[in-house]
Every structure is written in structure tokens, then in C-alpha cells.
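In: Sequence first, then the predicted structure, then my questions.
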Amino acid sequence: MVIIASKIDNIHVHYECPSCKSSYTKTGKPRKNSRPIVHLHGSNSDLSNRTINVSHHSVLQLSEPNVDIVIDDSTIRSC
């Protein structure tokens, strides 16, 4: 799974997870108005454009256990 990072700083890379939602029904399905959850991973103080491969935290993505997070020119940088 490839995801574009929304923001990066000296500590974290932020990205919206397509699998995790903010709220679920009793049956375990995402609610219609639920939003994607923003996950954080370490940035190692490297704000350059690159792709990093990380393990997915969601149990919902067992078929794809790893995520490629792309940091490109559209990623917001903050110090």
C-alpha cells in the first residue's frame, strides 16, 4: 500500500490511514460520516523527499502488513 504523507516534522511523519476510521457501527463497519485516522511514524529528523516502508498498525490490513509512505513536494514541512 502506498500513501502520500500529509505532514512531516523533526519527530513524526503524519499520514491518513485508508483502513482505520474514527468510528464504527456495532457490526464493525465504518460509519458513513467517519473520518480516516492520522497515524504517526518517526521521521529521524530527515525532512527530505523519500519513501519509507513501515509496518501497518491496523489489524484490518493483514493482507498488506507494510505501508510505503511517500514524502514528496506536496507534503507539508514544519520544524
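Out: Right, received. Where do you want to start?
In: Now do the same contact list for Ser48.
Out: By CB atoms under 8 Å, 6 or more residues apart in numbering, Ser48 lies in contact with Ile71. (Each C-beta comes from the backbone N, C-alpha and C, glycine too.)
In: where along this structure do the strands fall?
Out: For the chain, applying DSSP state E gives strands covering 2-4, 7-8, 12-21, 36-42, 50-55, 66-71, 76-77.
In: tell me the angle the fourth one makes with strand 66-71.
Out: Using axes from the mean of the first three to the mean of the last three CA atoms, to 10 degrees, the direction of strand 36-42 lies 80 degrees away from that of strand 66-71.
In: rewinding a little: could you single out the most deeply buried of the strands of the chain?
Out: Highest mean neighbour count of the strands of the chain: strand 7-8, a mean of 20 (counted as mean count of other CB atoms under 10 Å).
In: In the sheet, which strands lie alongside that strand, parallel or antiparallel?
Out: strand 12-21 (antiparallel), strand 76-77 (parallel) (DSSP bridges).
In: mean confidence score for the longest one?
Out: Across strand 12-21, pLDDT averages out at 89.
In: got it, and stretch 36-43?
Out: Stretch 36-43 comes out with an average pLDDT of 91.
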